[in-house]
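J.: model the structure of this input:
(one chain, ligands or ions: 1)
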Amino acid sequence: MDILQTPIVVNEIFYSLQGETTRTGFPSLFIRLAGCNLNCRWCDTAYARTGCTMTIATIKKKIQQYPLANHITITGGEPLIQQGTIALLNILCTHNYPLQLETNGSISLEKVPQPVHRIVDVKTPSSGEEKSFNFTNLQLLQPHDEIKFVIADEVDYNYAKEFIQKYCATICCVINFSPVALSMKPQTLAEYILRDRLPVRLNVQLHKMLWQQEPKDF
Ligand code: SF4
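T.: Numbers count the residues shown, from 1 in each chain. Predicted coordinates for the structure are as follows:
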């Protein structure tokens with residue numbers, strides 16, 4: 001089959017500011033793929049379970065409708081549950097689009113092309129999915145990738161702290177601690193990080209400060 005005819009289920013495509021990670025504040029074209037293999041208690045993208053089937057060729061055409069977009073974020077749901085996602089990433093890499101992939105950490109990154117900047121979640125106890133992490137991914141991380149813990153309470157914080165002390169001592173990528181809105185005050189998380197001298201980044205969701213929701217389309 002022509003790789004451009006590979007089907008992918010897309011929930012939405014929109015242009016906005018990246019609200020998380022070290023790219024916070026920079027514009028990006030978001031391609032939200034549909035479906036997820038997890039069921040986090042505080043999921044804020046439950047609406048992304050469904051979408052429309054498009055070919056990679058159609059997605060490429062949609063991207064071309066945003067001629068000034070110079071960065072693409074592939075997000076979900078969980079993008080790696082769809083077989084066509086790796087083909088999409090490979091095609092976009094051949095066009096030299098700077099790419100960020102947001103993944104829940106449960107699926108191997110092995111086939112994700114090297115130039116892609118991977119944001120890999122480690123689920124904490126409050127999600128109800130803390131057993132989901134695929135530990136082989138720790139060996140596949142590169143310096144330009146990032147790890148993200150979403151933290152709702154002190155139990156999550158201690159879990160994340162112990163995880164990085166146990167497994168991340170030799171990992172050189174950025175580690176983000178992201179407070180759950182309405183559950184963990186950013187100030188409280190900042191004070192925990194400073195108190196414990198953790199080498200992590202406080203990841204405050206810019207889009208929620210600006211628009212009280214997911215990134216707004218422009
Ligand atoms: S992995 Fe992400 S999209 Fe899936 S249930 Fe958890 S928060 Fe929602």
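J.: make it CA atoms for all contacts and neighbour counts henceforth
T.: OK.
J.: report all helices and strands that the longest strand seen in the chain contacts.
T.: If you go by DSSP state E, the chain has its longest strand at strand 7-17. When contacts are defined as 3 or more Cα pairs under 8 Å, 6 or more residues apart in numbering; DSSP states H and E, strand 7-17 sits against strand 27-33, strand 52-55, helix 84-94.
J.: so what touches that strand?
T.: 24-34, 48-56, 66, 69, 76, 82, 84-85, 207, 215-218 (Cα atoms under 8 Å, 6 or more residues apart in numbering).
J.: report the angle between that strand and helix 84-94.
T.: In terms of direction (axes from the mean of the first three to the mean of the last three Cα atoms, to 10 degrees), strand 7-17 departs from helix 84-94 by 50 degrees.
J.: pairing partners for strand 7-17, with directions?
T.: Next to strand 7-17 in the sheet, as set by DSSP bridges, lie strand 27-33 (antiparallel), strand 52-55 (antiparallel).
J.: helices or strands up against the longest helix along the chain?
T.: The residue-count maximum for a helix in the chain (DSSP state H) belongs to helix 154-167. Contact analysis of helix 154-167 by 3+ Cα pairs under 8 Å, 6+ apart lists strand 146-151 as its packing neighbours.
J.: does the residue minimising distance to the centre of the chain count as helix, strand or coil?
T.: The centroid of the chain falls nearest to Glu102 when counting by Cα atoms, centre = their mean (2.2 Å). Following DSSP: H, G, I helix; E, B strand; the rest coil, the label given to Glu102 is strand.
J.: which strand residues bridge it?
T.: Bridge pairing for Glu102 - DSSP bridges - gives Ile119.
J.: check the gap between it and Tyr157 for me.
T.: Here the distance between Glu102 and Tyr157 works out to 21 Å (Cα to Cα, to the nearest Å).
J.: for Val180, same thing?
T.: Distance check for Val180 against Tyr157: by Cα to Cα, it reads 11 Å.
J.: those two - which one has more neighbours?
T.: For Val180 versus Tyr157, neighbours defined as other Cα atoms under 10 Å are more numerous around Tyr157 (23 against 18).
J.: wait, what's in contact with the spatially closest residue to that one that is not a sequence neighbour?
T.: Nearest residue to Tyr157 in three dimensions, chain neighbours excluded: Ile151, at 6.0 Å (Cα to Cα, 6 or more residues apart in numbering). Residues in contact with Ile151 (Cα under 8 Å, 6+ apart) are 124, 126, 157, 177-180, 184.
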